[in-house]
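# What shape does this take:
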Amino acid sequence: MEFLTALLSIIVIDLVLAGDNAILIGLAARNLPKPQQKKVIIWGSVGAIVIRIIATLAVVWLLNIPGLHLVGGLLLVIIAYKLLVDDNDHGDVQAAGSFWAAIRTVIIADALMGLDNVLAVAGASHGNMLLVIIGLLVSVPVVMWGSTIIIKWIEKYPIIVTIGSAILAWTASKMIVAEPFLADYFSNGWIKYGFELLVIATVILAGKLKQKRATQRKEKEMYDEKGLRKVESH
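Okay, here's the model as predicted:
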């Protein structure tokens, strides 16, 4: 009975994590050609699951590394920003480069996002790695199918990209405030939540500004190109 209860707890935790992974993979693969999107979903999911298992096995060791949450949070802020400002123009980018960049983004971001959550999985398993592995294997289909659905939604509703980046930024801010040697600075609830909101707002505003500038630059290039064609035609 205890085995089944622990397994159920781990599956629930992993399904929640799988939802985060689905958003992450969907965002990272959204600009790739359709055939490569499926490959990113498959290999990104496999890589994410492997990282989860390794991280859980190494959880005791990870806890002894000072500054881990801070460094991971800062890296995740950068990833959230880059996912938001990534454009759809990959004509000059080789497919292989885009593919491996997406795989790298998925695996690195998943490893960073899983640092807090892997503790919950390890706790629920009571040291039983069989439970951890079974729970992760159950969540794989959710990651894969969820990513496919999210890619389709992104194409139809671009606002999902902004929401996904905000979720990553929020996760990053929570990792930073969870850093033990920063505990005194965030002991006040107002400061803690204010900082989290500030990180989210900064990432979104910076990303939107970057998007606006990129759009203006493209419009100018198109305008200049049309003007050049008119001159040549005369």
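# Run a quick neighbour tally on W100.
13 (other CB atoms under 10 Å). From N, CA and C alone the C-beta is placed, and that goes for glycine too.
# what about it, helix or strand, and which?
helix 95-125 (DSSP states H and E).
# average pLDDT for that helix?
On average, the pLDDT along helix 95-125 is 64.
# Kindly report the same for stretch 187-200.
Across stretch 187-200, pLDDT averages out at 92.
# what do you get for stretch 30-49?
76.
# CA-only coordinates of that stretch, as PDB, when you get a sec.
The C-alpha coordinates for stretch 30-49 follow below in PDB (Å, rounded to 0.1, in the frame of the first residue of the first chain):
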ATOM      1  CA  ARG A  30       8.100  26.300 -32.500                       C
ATOM      2  CA  ASN A  31      10.200  27.800 -35.200                       C
ATOM      3  CA  LEU A  32      11.600  24.600 -36.600                       C
ATOM      4  CA  PRO A  33      10.200  22.800 -39.700                       C
ATOM      5  CA  LYS A  34       7.500  20.300 -38.900                       C
ATOM      6  CA  PRO A  35       9.600  17.100 -39.300                       C
ATOM      7  CA  GLN A  36      12.300  18.500 -36.900                       C
ATOM      8  CA  GLN A  37       9.600  19.600 -34.400                       C
ATOM      9  CA  LYS A  38       8.700  16.000 -33.900                       C
ATOM     10  CA  LYS A  39      12.400  15.000 -33.400                       C
ATOM     11  CA  VAL A  40      12.900  17.800 -30.800                       C
ATOM     12  CA  ILE A  41       9.800  16.600 -29.000                       C
ATOM     13  CA  ILE A  42      11.100  13.000 -28.900                       C
ATOM     14  CA  TRP A  43      14.800  13.700 -28.100                       C
ATOM     15  CA  GLY A  44      14.000  16.700 -25.900                       C
ATOM     16  CA  SER A  45      11.600  14.500 -23.800                       C
ATOM     17  CA  VAL A  46      14.200  11.700 -23.600                       C
ATOM     18  CA  GLY A  47      16.900  14.100 -22.600                       C
ATOM     19  CA  ALA A  48      14.600  15.700 -20.000                       C
ATOM     20  CA  ILE A  49      13.700  12.400 -18.400                       C
END
